[in-house]
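Undergrad: after the sequence you'll find the predicted model.
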Amino acid sequence: MADWTEAELAALRRAYASGTTRVSYDGKSVEYGSAEDLLGRIRTIERLIAGTTERPIAGFAGFSRGDR
């Protein structure tokens with residue numbers, strides 16, 4: 001697992017906010033396939049920096065057979 005820094009996370013956030021998918025920092029450059037890919041990477045790094053590796057639970061799906 002890579003050690004991410006706040007500076008790297010800030011570069012990702014700046015790229016996302018500007019609408020680009022190319023991120024450059026510390027002499028490195030990465031091109032993400034889409035804005036969704038970039039946002040996913042941002043969220044992953046935020047969780048890693050916070051010390052949380054589990055994805056949040058959004059809720060439970062429900063259904064009804066309609067026989068009530």
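TA: Great, that's in hand. Numbers count the residues shown, from 1 in each chain.

Undergrad: now do the helices in the protein.
TA: 6-18, 35-50 (DSSP state H).

Undergrad: what's the closest of the ones you listed to S29?
TA: Closest to S29 of the helices of the chain is helix 6-18 (Cβ to Cβ; 10.3 Å). No exception for glycine: its C-beta is placed from N, CA and C like everyone else's.

Undergrad: and the angle for the closest one with helix 35-50?
TA: 150 degrees (axes from the mean of the first three to the mean of the last three Cα atoms, to 10 degrees).

Undergrad: quick one: contacts of helix 6-18?
TA: The contact list for helix 6-18, computed with Cβ atoms under 8 Å, 6 or more residues apart in numbering, reads 21-26, 35, 38-39, 41-42, 45-46, 49.

Undergrad: list the buried residues for that helix?
TA: 8-9, 11-13, 15-16 (16 or more other Cβ atoms under 10 Å).
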